[in-house]
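J.: model this:
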Amino acid sequence: MDEFPPMLRVLLMDRFQLTIHRGEKELPIYALVMAKKGKLGPGLMKSKEGSCTPFDPSRQTLRPEPGAAPRLFCGTMSQNPRGLAAFTVPIAKLIQMLSSTLGRAVIDKTGLTGNFDIRMDWTPDETQAFQFPPDAPKPALSDLAGPSLFSAIQEQLGLKLESSRGPVDVLIIDRAEKPSEN
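T.: All right, here's what the predicted structure looks like:
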């Protein structure tokens, strides 16, 4: 229950008599692997020293000067339902985004180390967990042109997702009761 904020944890335990524990379960996963050994795609580049601006919260102005390109802060990732841009991040950040978007655990089998600049664009499908904001109008998927997420990973990053099964960390509910009256 440590992943819940303290006040919510107390509420769940007191009101619902909730007890849980962590465990592992064999579930469908994706393994992120190199599409071609040693060959990165055009959207996945090893970060170069000085290619981004270290974030400094004490600086007052985060906006670029008029007409200047926006600052690329080290370690940041910008994601929307159709694309991703990341600067000086480890592959683990890409793994987190893919797990969230696909609704399935993704494990890193690329062997890539260090930090990378990542740019990728794709067309979402209705099965992806990361969707357009709830209040945004939904375009018909037939109106969206572009590669699927799986194709974009292979064509733009030089990686691919292989479907597999493996151990996944899960929360197991030991006990939950109907809440008591207020």
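J.: from now on I want contacts and neighbour counts done on CA atoms only, so please keep to that.
T.: Will do.
J.: what about residue 169, which helix or strand?
T.: Assigned by DSSP states H and E, residue 169 belongs to strand 159-175.
J.: and stretch 125-145, what's its mean pLDDT?
T.: Per-residue pLDDT over stretch 125-145 has a mean of 58.
J.: what about that stretch, start to end distance?
T.: By Cα to Cα, to the nearest Å, the extent of stretch 125-145 from end to end equals 11 Å.
J.: buried set for the strand holding residue 169?
T.: 159, 160, 161, 166, 168 (16 or more other Cα atoms under 10 Å).
J.: do the same with stretch 49-56
T.: Here stretch 49-56 shows residue 52 as buried, counting by 16+ other Cα under 10 Å.
J.: ranges for the strands of the chain?
T.: Remark: strands assigned in the chain by DSSP state E are 19-34, 44-46, 76-80, 83-90, 106-108, 115-121, 159-175.
J.: strand partners (parallel or antiparallel) of the fifth one?
T.: Right, the one you point to is strand 106-108. Paired neighbours of strand 106-108 in the sheet (DSSP bridges): strand 19-34 (parallel).
J.: name the surrounding residues that touch the strand it pairs with.
T.: 1, 13, 40, 95, 104-110, 158-176 (Cα atoms under 8 Å, 6 or more residues apart in numbering).
J.: ok so, going back, need the strands of the chain in a markdown table (columns: distance to residue 152).
T.: Listed next are these as a markdown table, based on distance: least, Cα to Cα, whole Å:
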| stretch | distance to residue 152 |
| --- | --- |
| strand 19-34 | 13 |
| strand 44-46 | 11 |
| strand 76-80 | 14 |
| strand 83-90 | 10 |
| strand 106-108 | 16 |
| strand 115-121 | 7 |
| strand 159-175 | 9 |
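J.: could you dump these to a markdown table with mean pLDDT and distance to residue 150?
T.: As requested, those are arranged in a markdown table below (pLDDT from 0 to 100; distance: least, Cα to Cα, whole Å):
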| stretch | mean pLDDT | distance to residue 150 |
| --- | --- | --- |
| strand 19-34 | 94 | 11 |
| strand 44-46 | 95 | 15 |
| strand 76-80 | 84 | 16 |
| strand 83-90 | 92 | 13 |
| strand 106-108 | 96 | 13 |
| strand 115-121 | 94 | 11 |
| strand 159-175 | 93 | 7 |
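J.: those strands: which one's closest to residue 147?
T.: Across these, residue 147 has its closest neighbour in strand 115-121 (7.8 Å, Cα to Cα).
J.: now the closest one: buried residues?
T.: Applying 16+ other Cα under 10 Å to strand 115-121 flags 115, 116, 117, 118, 119, 120, 121 as buried.
J.: residues contacting the strand holding residue 169, please?
T.: With contacts defined as Cα under 8 Å, 6+ apart, strand 159-175 is touched by 17-36, 40-41, 105, 110, 150, 153-154.
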